[in-house]
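In: Task: produce atomic coordinates for the following.
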Amino acid sequence: MPLLALFGLMMLQAKKPTVSVDARQSVLELCVEPPHRTKFTIPRGRLLSLRNLFYQVDKALRFYDGHHIKFLRTQAIRRVEDWLLEHQDANGSWGGIQPCYLLSPMALKSLGYRIDHPVILKGVNAARELIWDLGVFPVSTYETESGD
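Out: A predicted model of the protein is given here:
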């Protein structure tokens, strides 16, 4: 995956945006147990194993994620935001590859950009041109009641 796709992913990881979904709109068929009763645990194996190594690295990264250095995170987010704004192509995409068409507007929206901001609109229109205008999906499936 090109570097520019990582910018959107890193921004979303840093901001962790969420959207509340009514339980009636969720897809419970994907859950073996109801979500409130699901326990996400990792089975323990041998003490010295690749699984435990990845588990310990994951624990360390999660600890760092919760205890990051605020001014460095703020500066990094600002730099990624500036980079995304400066590197949008004339057609609204970022680098002409599909992940960036979707990740970059999502990342900017997580920073508080409204859906009607010109950069977001150009990005969404570029994604629409890439996906919907090619006949893969009808345009009406994109439109939502809330406008988000």
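
In: May I see the buried residues of the host helix or strand of Leu6?
Out: Counting by DSSP states H and E, the element that carries Leu6 is helix 3-15. Going by neighbour count (16 or more other Cβ atoms under 10 Å), the buried part of helix 3-15 is Leu4, Ala5, Phe7, Gly8, Met11, Ala14. All C-beta spots, glycine's among them, are computed from the backbone N, C-alpha and C.

In: Against Gln25, how distant is the closest residue to Val32 other than its chain neighbours?
Out: Distances taken as Cβ to Cβ, 6 or more residues apart in numbering place Thr38 nearest to Val32, at 7.7 Å, with adjacent residues excluded. For Thr38, the distance to Gln25 (Cβ to Cβ, to the nearest Å) stands at 19 Å.

In: Endpoint to endpoint, stretch 38-47 covers what distance?
Out: Criterion Cα to Cα, to the nearest Å; first-to-last residue distance in stretch 38-47 is 26 Å.

In: average pLDDT across that stretch?
Out: Stretch 38-47 shows a mean pLDDT of 73 in the predicted model.

In: cool, stretch 129-143 as well?
Out: Stretch 129-143 comes out with an average pLDDT of 61.

In: picking up where we left off before, out of the buried residues of helix 3-15, which is nearest to Pro99?
Out: Closest approach between these and Pro99, by Cβ to Cβ: Ala5, at 4.3 Å.

In: residues contacting the closest one?
Out: Residues near Ala5 by Cβ atoms under 8 Å, 6 or more residues apart in numbering: Gly95, Ile97, Pro99, Cys100, Leu103.

In: Quick check: the gap between it and Ser104.
Out: To Ser104, Ala5 is 9 Å away according to Cβ to Cβ.
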